[in-house]
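Okay, here's the prediction I keep looking at, along with the sequence it came from:
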Amino acid sequence: MCGIIGYIGPEEPVSLVLEALSRLEYRGYDSAGVAYFDREAKVDVVRASGKLSNLAALCQGRAGLPGPAIGHIRWATHGAPTEENAHPHRSGPIVVVHNGIIENDRELRKSLSSEGFSFSSETDTEVVAHLVHRHYRTTGSLPEAVRLALREIAGSYALAVLCEERPGELVGVRRGAPLLLGEGENAYFLASDVPAFLKWTRKMMPLPPDVIAAIGPDGLALLPVDGSPPLVPLFEEVPWDPVAAEKGHYRHFMEKEIFEGPRAIMDTLEGRIAPGHGRVMLSELARLGPSPPELVFVACGTSYHAALLGRQFIESLSDIPVRVEIASEFRYRPLRIRKGAWVVGITQSGETADTLGALDHARREGYLTLAVTNVPGSSITREASATLLTRAGPEIGVASTKAFVAQITAVWLLALHLARRTALREEEGSKKALEILLKSPARLEGFLGALDLGTIDGLAEKVAASRFVIFIGRGLDYPLAIEGALKLKEITYRPADGYPGGELKHGPIALIEPGVLVVAPLVDPDLSAKEWSNIREVEARGGTVLTIASPETAPVLPAYPLPATEGWEGVFFATAILQLLSYRTAVLMGNDVDQPRNLAKSVTVE
Ligand code: F6R
């Protein structure tokens with residue numbers, strides 16, 4: 001939700017900032033802007049509404065002096081996505097980019113206006129520029145002016161600030177919104193996410209909250225806002241390959257990322273199976289102690305769907321009761337969970353405000369918390385008691401695909417880890433489930449390599465021609481159904497919904513009429529027969545059903561046939577087909593697949 005970049009170093013800054021912003025465009029695309037020192041050593045601010053390409057067009061032929069530069073990509077919260085509201089915002093010599101929400105914006109606007117500051121945008125960020133300016137006038141120090149300004153601000157922020165009078169300085173600070181520091185050759189980066197600077201450096205450290213990163217002629221200083229002694233910077237190497245953030249020969253990131261599913265499973269398994277023992281060893285969980293009396297998943301969107309699968313995996317391999325909660329609802333309810341329960345937040349980005357809030361709610365009440373996230377160093381990793389990293393690599397397409405596959409792998413591993421530690425463990429069941437999981441990367445790879453794209457396109461045409469699409473599923477197929485519906489809504493804007501198959505007759509079946517399509521994944525070996533009864537009910541009312549099933553779950557030829565599957569592995573196959581079905585439909589409709597309207601990859605506001 002908004003992306004910011006700050007750079008100070010020897011490279012030409014305009015093209016560098018534009019390139020870095022292109023790696024952050026998944027975070028918002030309502031407007032974009034850049035500020036840099038021009039050849040006369042004056043700060044030039046260039047802003048454009050709409051996508052980054054509009055800004056790039058305006059920047060044609062512009063080049064800056066080596067030195068600090070900042071850039072921003074916006075997902076609008078305060079004020080329409082116009083050029084006036086685009087960042088950077090300027091007040092005198094001070095220029096600011098911001099991700100987050102200033103909650104006391106109204107009061108600050110009033111008082112700053114009465115002091116003579118005039119506002120040219122509707123954004124909450126402009127108050128930050130004016131506040132820093134006011135304090136810069138009296139202190140003459142950029143880090144100090146930022147520090148004093150922060151005292152007056154309530155809300156969440158990641159800020160990068162430069163000053164026309166200090167051409168060798170750049171300042172960054174954060175609270176409640178992500179900001180990472182990157183260290184390159186005689187260069188530093190500030191960015192909302194790693195892919196922004198991965199081309200130039202892998203050395204990264206998450207900036208702790210309320211610590212000012214002051215970069216100047218003497219290098220980097222980390223100055224706590226409360227005046228305590230400076231911190232020592234500790235950079236780590238990000239295990240991400242720079243080409244992982246490139247599209248390669250694929251047309252869209254989403255397409256590439258669907259095909260990276262097998263790799264995401266394999267990397268997530270890496271080092272987590274005890275050699276020779278055939279046992280899952282999640283050493284990351286050691287800090288949580290023995291298995292809990294209850295486990296509560298909290299998550300949003302696609303991650304919530306992975307949690308629903310996690311519940312089924314864990315409950316079938318252990319005696320631990322599992323609850324799955326929408327994070328934004330959970331965080332405002334009294335906690336009525338067993339003492340000693342683990343609260344597990346699943347989040348691809350590690351920055352989702354609602355999931356962080358839900359985990360914080362549990363932590364404050366003394367519960368142990370576990371983060372399952374794809375982004376090393378993200379906010380959730382610093383706030384949870386323990387972290388289980390999924391290793392899908394950077395996911396750029398806004399619609400989550402390979403990260404979902406990695407999340408399924410992680411909750412499957414979690415189920416095996418907990419199964420091993422409970423009295424009720426069914427040794428054979430766990431052994432089989434592990435065997436199947438270990439074979440999954442190769443099996444999914446083979447499956448994707450032999451895809452029948454013609455059939456998928458045929459199905460996509462049917463989806464594109466329908467008014468409304470209902471996804472149904474029972475057991476394991478229910479999370480897949482609602483995930484299929486979410487993916488379709490996100491990138492095709494086609495009205496779609498997902499229901500448990502058994503619920504259809506309690507209301508939604510009234511929707512069945514020509515023009516309404518039903519999609520049914522059928523990979524739950526225990527419930528597919530029941531699901532077929534629901535399919536028959538739809539067909540009896542003249543509805544068209546597209547099934548995705550393997551020979552053992554399909555009495556008739558399905559619309560997309562899966563190979564024979566074992567245990568839960570069909571979940572990976574059906575997921576790939578559902579993702580591709582949405583993808584191919586969106587392409588057919590001419591939509592912008594990687595940047596669907598109104599969405600942002602990382603939802604850092606409530
Ligand atoms: C859907 C999608 C979203 C996210 C949701 C949570 O394709 O990407 O529904 O799953 O916004 O995001 P994370 O997992 O980053 O917490």
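Sure thing, it's come through.

Up against the ligand, what does this structure have?
Contact residues, the chain versus the ligand (C-beta under 6 Å from any ligand atom): 300-303, 347-349, 352, 355, 399-400, 486, 490, 602-603. Every C-beta, even on glycine, is put in place using the N, C-alpha and C of the backbone.

And for L16, nearest residue in space, chain neighbours not counted?
Y7 (5.7 Å; C-beta to C-beta, 6 or more residues apart in numbering).

and whichever residue of the chain sits closest to the ligand, what does it touch?
Nearest residue of the chain to the ligand: G301, at 2.0 Å (C-beta to the nearest ligand atom). Taking C-beta atoms under 8 Å, 6 or more residues apart in numbering as the criterion, G301 is in contact with S400, L486.

hmm, back to that, if you look at the residues of the chain next to the ligand, which of them are in helices?
G301, T302, S303, T355, L486, E490 (DSSP state H).

now, which of the residues you listed sits nearest L546?
Using C-beta to C-beta, L486 is the member of those that lies nearest L546, at 17.1 Å.

you'd agree that closest one is up against D497?
No. Using C-beta atoms under 8 Å, L486 is not in contact with D497; the gap is 9.5 Å.

which one of the two has more residues nearby?
Using other C-beta atoms under 10 Å, the more surrounded residue of L486 and D497 is L486, with 22 against 17.

Checking my notes, V95 in a strand, right?
Yes. Under DSSP: H, G, I helix; E, B strand; the rest coil, V95 falls within a strand.

Now do the contacts for it.
A35, V43, V45, I70, P88, H89, A129, V161, L162, C163, E164.

And for D497?
F468, V469, I470, F471, A485, P508.

do the same with V411
A306, A307, L309, G310, F313, I314, I346, V372.

Give the helix, strand or coil label for it.
V411 - assigned by three-state DSSP - is helix.

Strands of the stretch 1-150 of the chain, residue ranges please.
Remark: strands assigned in the stretch 1-150 of the chain by DSSP state E, counting those that start in this stretch are 3-8, 31-37, 43-49, 69-74, 89-91, 94-102.

Distance of S111 relative to T77?
22 Å (C-beta to C-beta, to the nearest Å).

Pick out whichever of the two has more residues nearby.
Set S111 next to T77 and count neighbours by other C-beta under 10 Å: T77 wins out with 18 against 15.

Would you confirm that the more buried one contacts E103?
No. The pair T77 / E103 is not scored as a contact, 11.3 Å apart, by C-beta under 8 Å.

Phi, psi for C59 please.
Main-chain dihedrals, C59, degrees, to the nearest 10: phi -90, psi 0.

before we move on, what about E566?
Geometry field for E566 lists phi and psi as phi -120, psi 140, criterion degrees, to the nearest 10.

Quick check: closest non-adjacent residue to it.
Using C-beta to C-beta, 6+ apart, the nearest residue to E566 is I436, at 5.2 Å.

Helices of the stretch 401-550 of the chain, start to end?
With DSSP state H, counting those that start in this stretch as the criterion, the stretch 401-550 of the chain has helices at 402-420, 427-449, 453-465, 477-492, 528-540.

Let me have those in CSV, extended by mean pLDDT.
Below are those laid out as CSV (pLDDT from 0 to 100):
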stretch, mean pLDDT
helix 402-420, 95
helix 427-449, 92
helix 453-465, 96
helix 477-492, 97
helix 528-540, 88
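
Same list (these) but as TSV, adding distance to R137.
Putting the helices of the stretch 401-550 of the chain into TSV (distance: least, C-beta to C-beta, whole Å) gives the following:
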stretch	distance to R137
helix 402-420	46
helix 427-449	60
helix 453-465	59
helix 477-492	47
helix 528-540	69
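
Tell me where the model's unsure across the stretch 451-600 of the chain.
Along the stretch 451-600 of the chain, the model assigns pLDDT under 70 to residues 600.

Show me the domain layout of this protein.
Split into domains by automatic domain parsing, the chain comes to 3-228, 253-449, 453-588.

Are we agreed that E329 is in a strand?
No. Checked against three-state DSSP, E329 lies outside a strand; its state is helix.

For it, the count of nearby residues, please.
E329: 11 surrounding residues under other C-beta under 10 Å.

Which pLDDT value belongs to it?
What the model reports for E329 is a pLDDT of 94.

what's A371 in contact with, if anything?
With C-beta under 8 Å, 6+ apart, A371 has these contacts: V344, G345, T347, G350, L359, I380, T381, E383, A384, A386, T387, L388.

Helices - which of those residues land there?
Filtering the contacts of A371 for helices - DSSP H - leaves L359, I380, T381, E383.

burial count for the first one?
Using other C-beta under 10 Å, L359 has 27 other residues around it.

My guess is it contacts R382. True?
No. With contacts counted by C-beta under 8 Å, L359 stays clear of R382, the gap being 11.1 Å.

which residues touch the residue sitting nearest the centre point of the chain?
Centroid-nearest residue in the chain: S349, 3.4 Å away (criterion: C-alpha atoms, centre = their mean). Contacts for S349 (C-beta under 8 Å, 6+ apart) come out as T373, N374, V375, S378, K601, S602, V603.

And it, how close does it get to A160?
Noted for S349: a distance of 20 Å to A160, by C-beta to C-beta.

swap in T547?
Taking C-beta to C-beta, one finds T547 at 51 Å from A160.

Pick out whichever of those two has more residues nearby.
Comparing T547 with A160 by other C-beta under 10 Å, the one with more neighbours is A160, at 32 against 22.

secondary structure class for the more buried one?
Going by three-state DSSP: A160 is strand.

For beta bridges, what are the partners of it?
V97, G172 (DSSP bridges).

could I get the contacts of S349 as JSON lines with pLDDT and neighbour count?
Below are these laid out as JSON lines (pLDDT from 0 to 100; neighbours: other C-beta atoms under 10 Å):
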{"residue": "T373", "pLDDT": "97", "neighbour count": "29"}
{"residue": "N374", "pLDDT": "95", "neighbour count": "26"}
{"residue": "V375", "pLDDT": "90", "neighbour count": "28"}
{"residue": "S378", "pLDDT": "86", "neighbour count": "26"}
{"residue": "K601", "pLDDT": "69", "neighbour count": "24"}
{"residue": "S602", "pLDDT": "70", "neighbour count": "27"}
{"residue": "V603", "pLDDT": "71", "neighbour count": "20"}
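
Sort out which one of those residues lies nearest C59 for me.
K601 (23.6 Å).

The residue nearest to E566: neighbour count?
Quick note: I436 (other C-beta under 10 Å) scores 17 neighbours.

what does S114 give?
8.

Also E315?
By other C-beta under 10 Å, the residues close to E315 number 14.

my guess is it meets R323, correct?
No. Using C-beta under 8 Å, E315 makes no contact with R323, being 10.5 Å away.

packing partners for the helix or strand harbouring F297?
F297 is part of strand 295-299, with elements assigned from DSSP states H and E. Contacts defined by 3 or more C-beta pairs under 8 Å, 6 or more residues apart in numbering; DSSP states H and E place strand 295-299 against helix 301-317, strand 322-326, helix 327-330, strand 342-347, helix 353-364.
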